[in-house]
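Chemist: only geometry, no sequence info:
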Ligand code: ADP
Ligand code: MG
């Protein structure tokens with residue numbers, strides 16, 4: 001399958017007045033079209049740095065990154081970053097506006113996405129009128145509007161309470177798969193990673209190296225909530241838990 005994202009021997013040093021931080025040592029991995037890959041690792045090991053480098057927000061100090069296809073990257077964070085003074089529709093169109101790609105076609109695409117994912121009747125509402133889950137859905141639609149080759153998700157559910165987090169991760173997963181998008185999720189939640197991913201990349205503690213890459217194969221229905229009940233789930237959890245604990 002076609003590779004959408006390729007990282008080769010990526011290294012990263014941050015230079016600050018306090019000194020130098022080596023965040024990434026030697027990171028190589030690829031992500032294929034339509035694949036959902038999670039990146040897990042100890043807190044502060046460099047997970048967000050990996051995404052920043054893929055997004056082009058930070059430059060690698062060594063190695064290289066390739067994004068194929070349109071090369072556009074969509075980024076979703078823990079805070080949904082919806083603007084409270086804009087309506088849901090205006091928020092959803094914002095990415096297109098910034099890129100000067102607001103036209104009849106792209107507006108119809110956003111219209112269709114809002115309709116398809118149950119936000120159309122809220123298009124004139126403001127974000128504060130929506131539930132946490134609906135806000136994340138609106139943020140995802142804004143990201144999808146620019147038709148990214150790859151979606152980067154940096155702990156997008158961690159601000160939500162547990163019950164909501166399960167429902168929202170199911171919801172967001174359904175939209176990403178329905179739209180046939182390639183996604184990279186950063187999370188510190190092992191169960192979340194197993195429930196959503198085709199593959200999991202385990203990073204070592206800082207400076208991050210790739211410690212292991214696991215293909216996740218779960219039987220039964222393929223939505224995150226059902227996948228948590230798959231018979232293979234506990235063994236994956238145990239293995240990843242041990243890998244992270246030995247860091
Ligand atoms: P994670 O997302 O795994 O918690 P990060 O990628 O955010 O880790 O951070 C990795 C290391 O790099 C940390 O030690 C952090 O303090 C440092 N770091 C992250 N961003 C910057 C920055 N912009 N400037 C300086 N140091 C940074
Ligand atoms: Mg982080």
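Modeler: Yep, it's here. Please read all numbers here as calculations on a predicted model, not as lab measurements. Ligands and ions are numbered 1, 2, ... in the order given.
Chemist: Closest to the centroid, which residue in this protein?
Modeler: Centroid check for the chain by C-alpha atoms, centre = their mean gives residue 153 as the closest residue, at 1.9 Å.
Chemist: Report the contact partners of the closest residue to residue 22 other than its chain neighbours.
Modeler: In space, and not counting its chain neighbours, residue 22 is closest to residue 207: 4.1 Å by C-beta to C-beta, 6 or more residues apart in numbering. C-beta here means a position set from N, CA and C on the backbone, and glycine is covered the same way. Counting by C-beta atoms under 8 Å, 6 or more residues apart in numbering, residue 207 touches 22, 23, 24, 25, 46.
Chemist: Next: residue 87.
Modeler: Contact analysis of residue 87 by C-beta under 8 Å, 6+ apart lists 123, 124, 125, 126.
Chemist: In space, what's closest to residue 64 - neighbours in sequence excluded?
Modeler: Closest residue in space to residue 64, ignoring its immediate chain neighbours: residue 8 at 5.4 Å, by C-beta to C-beta, 6+ apart.
Chemist: Now for the contacts of residue 87: which two are most distant?
Modeler: Greatest spatial distance among these (C-beta to C-beta): 123 and 126, at 10.8 Å.
Chemist: And the longest helix along the chain, what does it pack against?
Modeler: In the chain, assigned by DSSP state H, the helix with the most residues is helix 162-178. On a contact count with 3 or more C-beta pairs under 8 Å, 6 or more residues apart in numbering; DSSP states H and E, helix 162-178 meets strand 36-40, helix 132-145, helix 190-196, helix 224-227.
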